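Sharing a model that was predicted from the sequence below.
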Amino acid sequence: MLTASPCPPDTRVRCLERKLYAYAGFKDFVLLYPLYALLFAENGLTTADISSLFAIWCVVGLLVEVPSGVWADTVSRRALMVVGPLLTGAGFALWAVTPSYAAYAAGFTLWAVGSALRSGSTEALVHDELERLGAADRYGRVMGRAAAVGMAATAFATAAAAPALALGGHALVWGASIGACVLCAAAGATLPEHRDRTRAKGTEGPGYLATLRAGLFEVRGSRPVRHTMVLAVVITSLWGVLDEYVPLLAASTGVATETVPLLVLVVWVGVTAGSLLVTAGERLSARALGTLVAAAACALGAGALSGTPFGFVLVGAAFLVFQLADVLADARLQAAIIGPSRATVTSLTGLGTSLASLVAYGAYAALSQHASHGVVFALLSLPYLAVAVAMGRRGPARHDVLEGWGNRTGLR
């Protein structure tokens, strides 16, 4: 039976895009982003304490990442996308009410669970909806623009953080951040989801374990999937971890606290530009993209070591390239997946990212005991040189054929 759609058939792709962009925008319009590390420090937390909170964030995300991906393949992806930001907002509320290490740890736990519920669900829902509409080839562009909207929202929130803090104090910053999470959940509820309800409910067809086995088999049986997963893990985890310390790097230049969000804004302008350049990035050769990543690693090290606000121009340029490479890796991964456990495979990548991030947070905490933030940033930019070499090697143009895939998994 056909159901009426609020959008005419020839505009359903644009309708999906608008709803996705609203979701991405509200998700990242959080005034706390450039300030929470500083707020933790103001409440007596050391750099090691803050790093341990980030580690808790990673560990919880690590434990929930794969189960959430399998849930997304067996139940409603849209429902998980609604619950996720609500849990994050609850974590922010906890920080506001009881500012203490225990509350911060509990808040990061809720944030990690919320992020894990969105991870995998978002990519799988968008890819499958675009594929249903005959527009799967637009996935990279759509996700790049969604990321750009999110980065722009982060940039606007970063720019607004200082005047909001001056105007309404911490209460306004907390309230706006929690409100953005609620609006994100509302936007998520409007996203389309056309799936086999019998399969989604798990009453017939594959259940949790079968879906998990299918995802693991695809990773094990497809060389392009494995190769792209590894690249995505390294690319995402490194700049994702360094991003959390950008406010501290900015503060280490000696600028006033009110100026820190503006330096963070420079970095996020670069990240936003990287998301918008996906179409151009798809035209780059493997060697050109690898060279670009290597140049970005050098720029990050030089900018961080400069110890001046002007160095943030180089840091922003480096993050531009890292974000571009991040989105391109995700697009390539989604194109390589051929089985029904798309969210599961994507979440397995997220699991690898969480593990790598945990190592990076530990490295940052250890190095920060003996070196400045600028030196630590420069040291952690070095792995991108290895990424550049790996990206410069021309990978397989097509995914491997998984012969017998359906028979082994029981999902065909």
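Thanks, I have it.

Stretch 289-306: which residues count as buried?
289-290, 292-294, 296-301, 303-306 (16 or more other C-beta atoms under 10 Å). The way it works is simple: take the backbone N, C-alpha and C, and place the C-beta from them, glycine included.

wait, I meant stretch 11-19
Across stretch 11-19, burial judged by 16+ other C-beta under 10 Å covers 12-13, 15-17, 19.

so of the buried residues of stretch 289-306, which ones are in helices?
Mapping the buried residues of stretch 289-306 onto helices (DSSP state H) picks out 289-290, 292-294, 296-301, 303-306.

Check which element follows the one helix or strand residue 131 maps to along the chain.
Secondary structure assignment for residue 131, by DSSP states H and E: helix 121-132. Going down the chain from helix 121-132, the next helix or strand is helix 139-188, by DSSP H and E.

what's the angle from that next one to helix 121-132?
120 degrees (axes from the mean of the first three to the mean of the last three C-alpha atoms, to 10 degrees).

for the strand or helix carrying residue 363, packing partners?
Following DSSP H and E, one finds residue 363 within helix 342-368. Helices and strands touching helix 342-368, by 3 or more C-beta pairs under 8 Å, 6 or more residues apart in numbering; DSSP states H and E, are helix 47-74, helix 121-132, helix 208-221, helix 223-251, helix 312-336, helix 373-380.

Now tabulate those in TSV and tack on mean neighbour count, mean pLDDT and distance to residue 99.
Formatted as TSV, those follow (neighbours: other C-beta atoms under 10 Å; pLDDT from 0 to 100; distance: least, C-beta to C-beta, whole Å):
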stretch	mean neighbour count	mean pLDDT	distance to residue 99
helix 47-74	22	85	13
helix 121-132	23	89	31
helix 208-221	19	83	39
helix 223-251	21	88	17
helix 312-336	24	91	29
helix 373-380	21	94	24
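
hang on, the earlier thing: among the buried residues of stretch 11-19, which are in helices?
Those of the buried residues of stretch 11-19 lying in helices (DSSP H): 12-13, 15-17, 19.

could I get those residues as a markdown table with pLDDT and distance to residue 272?
Formatted as a markdown table, these follow (pLDDT from 0 to 100; distance: C-beta to C-beta, whole Å):
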| residue | pLDDT | distance to residue 272 |
| --- | --- | --- |
| 12 | 84 | 27 |
| 13 | 87 | 23 |
| 15 | 90 | 24 |
| 16 | 91 | 21 |
| 17 | 92 | 17 |
| 19 | 94 | 20 |
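
can you list these in JSON lines and add distance to residue 347?
Listed next are those as JSON lines, based on distance: C-beta to C-beta, whole Å:
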{"residue": "12", "distance to residue 347": "27"}
{"residue": "13", "distance to residue 347": "25"}
{"residue": "15", "distance to residue 347": "27"}
{"residue": "16", "distance to residue 347": "22"}
{"residue": "17", "distance to residue 347": "23"}
{"residue": "19", "distance to residue 347": "22"}
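
Looking at those residues, which is nearest residue 321?
Relative to residue 321, the closest of these is residue 17; by C-beta to C-beta it sits at 24.8 Å.

Looks like the closest one contacts residue 141 (just checking).
No: here residue 17 does not reach residue 141: they are 9.4 Å apart, not a contact under C-beta atoms under 8 Å.

So what's the residue count around the residue nearest to residue 27 when sequence neighbours are not counted?
Distances taken as C-beta to C-beta, 6 or more residues apart in numbering place residue 184 nearest to residue 27, at 4.6 Å, with adjacent residues excluded. The number of residues packed near residue 184 is 28, by other C-beta atoms under 10 Å.

again, but for residue 348
24.

Please apply the same query to the one 3 residues further on.
Neighbouring residues of residue 351 were enumerated by other C-beta under 10 Å; the total is 23.

Next: residue 100.
13.

ok, now which ones touch it?
residue 43 (C-beta atoms under 8 Å, 6 or more residues apart in numbering).

so how far is residue 174 from it?
15 Å (C-beta to C-beta, to the nearest Å).

Over to residue 319?
Taking C-beta to C-beta, one finds residue 319 at 27 Å from residue 174.

cool, residue 279 as well?
38 Å.

Which of those two has more residues huddled nearby?
The neighbour comparison of residue 279 against residue 174 (other C-beta under 10 Å) goes to residue 174, with 19 against 11.

related to what we said a few turns ago, show me the contacts for the residue nearest to residue 27.
23, 26-27, 85.

any idea of the pLDDT on it?
We have a pLDDT of 96 for residue 184.

try residue 409
Confidence for residue 409, expressed as pLDDT, is 43.

Residue 394 too?
The model's pLDDT for residue 394 equals 53.

Could you do residue 4 as well?
Predicted confidence (pLDDT) for residue 4: 44.

so residue 254, which of the three states?
Taken by DSSP: H, G, I helix; E, B strand; the rest coil, the conformation at residue 254 corresponds to coil.

And for residue 33?
coil.

can you tell me how far it sits from residue 240?
13 Å.

repeat for residue 166
Distance from residue 166 to residue 240, by C-beta to C-beta: 29 Å.
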